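Colleague: Got a sequence here, can you model it:
(2 chains)
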2 protein chains.
Amino acid sequence: MTATLLTGIGELVTNEVERPIVRDAAVVIDEGRIAWVGESAAAPDADDRIDAEGRAVIPGFVDAHTHLVFAGDRGDEFEARMAGRPYTAGGIRRTVAATRAATDDELLAHGRRLVAEARRQGTTTIEVKSGYGLSLEDELRSVRVARELTPEVTFLGAHVVPEGVDRASYVDLVAGEMLEACAPYARWIDVFCETGAFTLDEAERILRAGAARGLGVRLHAAQLGPSEAVRLAVALDAASVDHCTFLSDDDVDALAGGGTVATLLPGAEFSTRQPWPDARRLLDAGVTVALASDCNPGSSYTTSLPFCIALAVREMGMTPLEAVHAATAGGAAALRRDDVGRVAVGACADLVLLDAPSHVHLAYRPGVPLVHRVLGSG
Amino acid sequence: MTATLLTGIGELVTNEVERPIVRDAAVVIDEGRIAWVGESAAAPDADDRIDAEGRAVIPGFVDAHTHLVFAGDRGDEFEARMAGRPYTAGGIRRTVAATRAATDDELLAHGRRLVAEARRQGTTTIEVKSGYGLSLEDELRSVRVARELTPEVTFLGAHVVPEGVDRASYVDLVAGEMLEACAPYARWIDVFCETGAFTLDEAERILRAGAARGLGVRLHAAQLGPSEAVRLAVALDAASVDHCTFLSDDDVDALAGGGTVATLLPGAEFSTRQPWPDARRLLDAGVTVALASDCNPGSSYTTSLPFCIALAVREMGMTPLEAVHAATAGGAAALRRDDVGRVAVGACADLVLLDAPSHVHLAYRPGVPLVHRVLGSG
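Modeller: Purely as a prediction, here's the structure:
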């Protein structure tokens, strides 16, 4: 039982309401938890010592939306899209074919590479969805692989209707046997509710079945056009509704009045040239906003939360501090976690030391790998 | 004299007209130069061996536009600009004050950190400008520091007119004594020809003086509005005219008919919310295009050419291969170098191994640090 004093912190982003930023700060870490936070001049002694040498320190990123269990890449499709072809949900089926053809070991090794890549960029908590299996057997091995990567597993059997399968039968399967098989490995259930994927009624049926089976609810909605699914998410007390590009005033009011986080995924807008979601409007209305990577091989093949922060500041009306908050505390709220995403006594000691004097550099120095060191088990 | 065989290259971007991409490739490196290029099945033997394990390999990036000799940062100004304040050339004077207050050792150490940061992201050749000294003494020490960082030093005494100095006297100084003092350390002369900086006539006078002193010519032009400076650059046979956001058809025709490279700097557009330059228009007209970082603390504090490539593909109409070409061979052309920016027998063995099977991933996986290893002395 050795405590560690992390000292010499030039700027500490805590995400605590009373003192969101502490300068000349120190943190004591004991058994993986934060035991003390404050100014370094007042810090207690500890067995070990890490000198941050004036660096900024932030909570580890909480990436609350990824699709890391897959095989193959779709660089050719990306290239064609950049040359003018529109984005649709259809390309998902290509990844389904590659994923089904891969072994469990291949899927796990690939997922581990991406989780490690994310961690090198400061992500210490990560949600991982299934959704490229789309058969009972392949969704089951997808959630099993995901469970090896993270405790935050989401069952997304309702990603798209697989080729050659009757729509109504597939919805029955997802809400029935497939859910039964996958639920033991998952904490969450999610539906891609969008033109080309699932309807509002299908989404509601599947999410209610998941909730009845004990899973928390999340929902993809309003990515490609306006949708009543945002209000459905709030009505079902979803932890998060994700994308939220096309929102009506009623949607914003519902989010502000409910317990559902709006998770924004600027990597997807970057890589599909869709309109940017308006984070400013949501923040001004009092909605809790999360930023996540949406890492997937079709519409957003990035693991970089720093990149998402830079986009959120340039394109979505967030300040750098709001963007960092959304990528840490916001992500934690989207996973209904209070042990991560903040620097407070009792929280997990998941901390990122930046090669920068301030969190502002995450937006001010776009594209530059600024993560110096990542502490914590994640 | 030991030769090294780099083999197992999944995709080699050569930038050679006849064979721009070679699959299953190998390269032999001998005394820092490329001695052989071809398919791995036909590769000769060598003393040492590096296995690229299927990775894509590209020429090292040639960043032909940076301002790395400075002190201080302007994160606060960036934050205010992102909240709505417009970008002007005025903030440069803040960096001038901080740079003048720094010691030579501090400037050199800071510059070295940035050069090392750029190299970790694949940059093996880098141009560095002065321009934050703006007195004879401070410009002289700036070019001396720059000369410690790179052979590609640009004298940019004409960055802005320093505070408290008469405009005409300053132009006399830059084109006279300051040029005399700085020229021995520089290969290039450059002028920031823009509203708030220098006029067309001032630019021409200073550039002609530099050329008469043996320096190659480069020019900042058409960043903030249309300008006759683009045609001036071509008329003076400048190696490069940089920014090129606001171009008339005559400008494009002049560039297509001359020997001047259009160096585009998307990091600046990203961080100032200026309109994107239209690379497609230039490429379609037959203009040689370079991509560079413009790394500086005011308008583009990035060292990341991969980030610039991702922006060029998303926002400027370039294909991934055109963007990689512009950030390597294009940069080399902008420095009138033929020993870098390509993989050909006799060229410098400056090579970047990517954690990716294809160069497309530099745009397809935005923000992700994909540089696995950098070879070559740069």
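
Colleague: From here on, just use CA atoms for contacts and neighbour counts.
Modeller: Noted.

Colleague: what does stretch A:36-50 contact?
Modeller: Outside stretch A:36-50, the residues within contact range by C-alpha atoms under 8 Å, 6 or more residues apart in numbering or on different chains are A:2-9, A:22-29, A:343-345.

Colleague: Please indicate which of the residues you listed are buried?
Modeller: Buried subset of the contacts of stretch A:36-50 (neighbour count, 16 or more other C-alpha atoms under 10 Å in any protein chain shown): A:3-9, A:22-29, A:343-345.

Colleague: Restricted to strands, list these.
Modeller: The strands, defined by DSSP state E, take in A:3-9, A:22-29 from the buried ones among the contacts of stretch A:36-50.

Colleague: Which residues are in contact with the residue nearest the centre of chain A?
Modeller: Centre of chain A computed as the mean C-alpha position; nearest residue by C-alpha atoms, centre = their mean is A:A64, 2.2 Å away. A:A64 makes contact with A:125-128, A:263, A:290-293, A:331-332, A:334-335, according to C-alpha under 8 Å, 6+ apart.

Colleague: Next, format the residues you listed as JSON lines and append distance to chain B and neighbour count.
Modeller: What follows is the contacts of A:A64, written out as JSON lines (distance: C-alpha to the nearest C-alpha, whole Å; neighbours: other C-alpha atoms under 10 Å in any protein chain shown):
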{"residue": "A:T125", "distance to chain B": "17", "neighbour count": "25"}
{"residue": "A:I126", "distance to chain B": "16", "neighbour count": "26"}
{"residue": "A:E127", "distance to chain B": "18", "neighbour count": "26"}
{"residue": "A:V128", "distance to chain B": "18", "neighbour count": "31"}
{"residue": "A:T263", "distance to chain B": "19", "neighbour count": "32"}
{"residue": "A:A290", "distance to chain B": "18", "neighbour count": "32"}
{"residue": "A:L291", "distance to chain B": "15", "neighbour count": "34"}
{"residue": "A:A292", "distance to chain B": "13", "neighbour count": "33"}
{"residue": "A:S293", "distance to chain B": "11", "neighbour count": "30"}
{"residue": "A:G331", "distance to chain B": "19", "neighbour count": "32"}
{"residue": "A:A332", "distance to chain B": "22", "neighbour count": "25"}
{"residue": "A:A334", "distance to chain B": "23", "neighbour count": "31"}
{"residue": "A:L335", "distance to chain B": "24", "neighbour count": "28"}
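
Colleague: per-domain residue ranges of chain A.
Modeller: Taking automatic domain parsing as the criterion, chain A consists of the domains A:4-59+A:342-375, A:61-334.

Colleague: so can I have CSV of the ones you listed showing mean pLDDT?
Modeller: Shown next, in CSV, are these (pLDDT from 0 to 100):
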stretch, mean pLDDT
domain A:4-59+A:342-375, 97
domain A:61-334, 97
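
Colleague: Spell out which parts of the stretch 201-350 of chain A neighbour chain B.
Modeller: With the criterion set to C-alpha under 8 Å from any C-alpha of the partner chain, the stretch 201-350 of chain A comes near chain B through A:270-271, A:273, A:300-304, A:306-307, A:313-314, A:317, A:319-320.

Colleague: Quick one: residues contacting A:R120.
Modeller: A:R120 touches A:V371, A:R373, A:V374, counting by C-alpha under 8 Å, 6+ apart.

Colleague: What about the first one? Give its phi and psi, please.
Modeller: Just to be clear, that refers to A:V371. Main-chain torsions, A:V371, degrees, to the nearest 10: phi -80, psi 120.

Colleague: Surely it and A:G122 touch.
Modeller: Yes: under the criterion of C-alpha atoms under 8 Å, A:V371 makes contact with A:G122 at 6.3 Å.

Colleague: Give the residue from those two that has the larger number of neighbours.
Modeller: Under the neighbour definition other C-alpha atoms under 10 Å in any protein chain shown, A:V371 and A:G122 were set side by side, and A:G122 has more, 32 against 18.

Colleague: Give me the phi and psi for that one.
Modeller: Dihedral angles for A:G122 - degrees, to the nearest 10 - are phi 100, psi 0.

Colleague: With the one 3 residues further on instead?
Modeller: For A:T125, the backbone dihedrals are phi -130, psi 130 (criterion: degrees, to the nearest 10).

Colleague: for it, what are its contacts?
Modeller: Here A:T125 is in contact with A:G60, A:F61, A:V62, A:D63, A:A64, A:T150, A:V340, A:G378 (criterion: C-alpha under 8 Å, 6+ apart).

Colleague: Which of those fall in strands?
Modeller: A:F61, A:V62, A:D63.

Colleague: Who wins on neighbours among these?
Modeller: A:F61 (35 neighbours).

Colleague: got the contact list for that one?
Modeller: Contact analysis of A:F61 by C-alpha under 8 Å, 6+ apart lists A:G122, A:T123, A:T124, A:T125, A:L305, A:A327, A:T328, A:G331, A:G341.

Colleague: one more time with 6 Å
Modeller: Shown here is A:F61, whose contacts under the criterion C-alpha atoms under 6 Å, 6 or more residues apart in numbering or on different chains are A:G122, A:T123, A:T124, A:A327, A:T328.

Colleague: would JSON lines of the residues you listed with secondary structure be doable?
Modeller: JSON lines is the format used below for those (DSSP: H, G, I helix; E, B strand; the rest coil):
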{"residue": "A:G122", "secondary structure": "coil"}
{"residue": "A:T123", "secondary structure": "strand"}
{"residue": "A:T124", "secondary structure": "strand"}
{"residue": "A:A327", "secondary structure": "helix"}
{"residue": "A:T328", "secondary structure": "helix"}
